[in-house]
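okay, predicted coordinates and the sequence, questions at the end:
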Amino acid sequence: QTEERLWTKVINTYSSSNKNWTTDIVGRAYGNRGNSRSRQGKFEEALGDYDISIKMCPWAVDPVLNRGVALEATGRYEEAIAAYEAVLRVQPNDPAAWNNLGNANMALARYVDAVEIYGKAVQLAPEFSFAQANQAIAMYASGNKNGASRKFRTLLRRYPDFDDMRAALVASLYSQGLLDNAETEWLRVGDERYNDIRWLKTERRWPQPLLDDMKMFLNKGSYAASKP
């Protein structure tokens, strides 16, 4: 809230100025206040700020990208896709925009499309680990479980503490009937949030096929499901 108040002060202080830099300063301030509000979960207010920022600074892509994130957070995925596509028309080599576009498509269960879209983010930024992880998860959801599992393992060799991939591998192993292997991997997942199906669905936003397999693992009654 402190950050939000500071940006509000900038907006109020300079909005009445007739300097040639006023539009740029105030427009960016609206975008930054939108970011602050979005982080606080004030998505509708953030969207209002982004709209003003875009109107004042039509050359800036950041408020358009961030507007897409806020739209996703409110479940308005088609509008989010339109925002990300607008960014990519101007900056086709923006890996964050490709990754976010993949997220919105995945939320709409367009898993095959998401695999291809995430692939573009990975191609542009090979070290973008979350784009690689998202692509692997989209592969899993699209039915290519073997290919996804290989990617899970590849990423874990590179990033051994990548809990998202470790938990996804657990679900994959359990779906293959490899319970002992799944439990062994589960003991290496340090983030307790992966024990919470609600969090996986609403915050991490795993796709339903992976979510279903993880839910079966967590509900199987083994000691691993109640890991301290």
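Cool, got the structure.

please make it C-alpha for all contacts and neighbour counts, starting now.
OK.

where does Trp206 land in three-state SS?
Put simply, Trp206 is coil when judged by DSSP: H, G, I helix; E, B strand; the rest coil.

so for it, what's the nearest residue that isn't a sequence neighbour?
Leu200 (5.8 Å; C-alpha to C-alpha, 6 or more residues apart in numbering).

distance from the helix or strand hosting that neighbour to the middle of the chain?
If you go by DSSP states H and E, Leu200 is part of helix 197-202. Taking C-alpha atoms, centre = their mean, to the nearest Å, the mean C-alpha location of helix 197-202 is offset from the chain mean by 13 Å.

what does that helix contact?
193-194, 205-207, 211, 214-215 (C-alpha atoms under 8 Å, 6 or more residues apart in numbering).

run the last query once more with 10 Å
73, 164, 193-194, 203-208, 210-212, 214-215, 218 (C-alpha atoms under 10 Å, 6 or more residues apart in numbering).

next, the buried residues of the helix or strand following that helix.
Using DSSP H and E, the helix or strand that follows helix 197-202 towards the C-terminus is helix 208-218. Using 16 or more other C-alpha atoms under 10 Å as the test for burial, helix 208-218 gives 209-211, 213-215, 217-218.

mind listing the helices for this protein?
Using DSSP state H, the helices of the chain run over 2-14, 22-39, 43-56, 62-73, 77-90, 95-107, 111-124, 129-142, 145-158, 163-175, 179-186, 197-202, 208-218.

now do the shortest one, average pLDDT.
Here helix 197-202 scores 96 as its mean pLDDT.

ok, now the second one?
In this model, helix 22-39 has an average pLDDT of 97.

also stretch 111-122?
Across stretch 111-122, the average pLDDT comes to 98.

how far is it from where the chain is centred?
Using C-alpha atoms, centre = their mean, the offset of stretch 111-122 from its chain centre is 13 Å.

which other residues reach it?
92-108, 124-144, 207.

now with 6 Å, please.
95, 98-99, 102, 105-106, 131, 135, 138, 142 (C-alpha atoms under 6 Å, 6 or more residues apart in numbering).

which single one of the residues you listed is nearest to Ser38?
Nearest to Ser38 among the contacts of stretch 111-122 is Asn99, at 18.7 Å by C-alpha to C-alpha.

show me the contacts for that closest one.
Contacts of Asn99 by C-alpha under 6 Å, 6+ apart are 118, 121, 131.

and for the closest residue in space to the second one that isn't next to it in sequence, the neighbour number?
It stands for Ala121. Nearest non-adjacent residue to Ala121, counting by C-alpha to C-alpha, 6+ apart: Pro95, 4.4 Å away. A count of nearby residues for Pro95, using other C-alpha atoms under 10 Å, gives 23.

ok, the one 3 residues further on next?
Summarising burial for Trp98: neighbours were counted as other C-alpha under 10 Å, giving 25.
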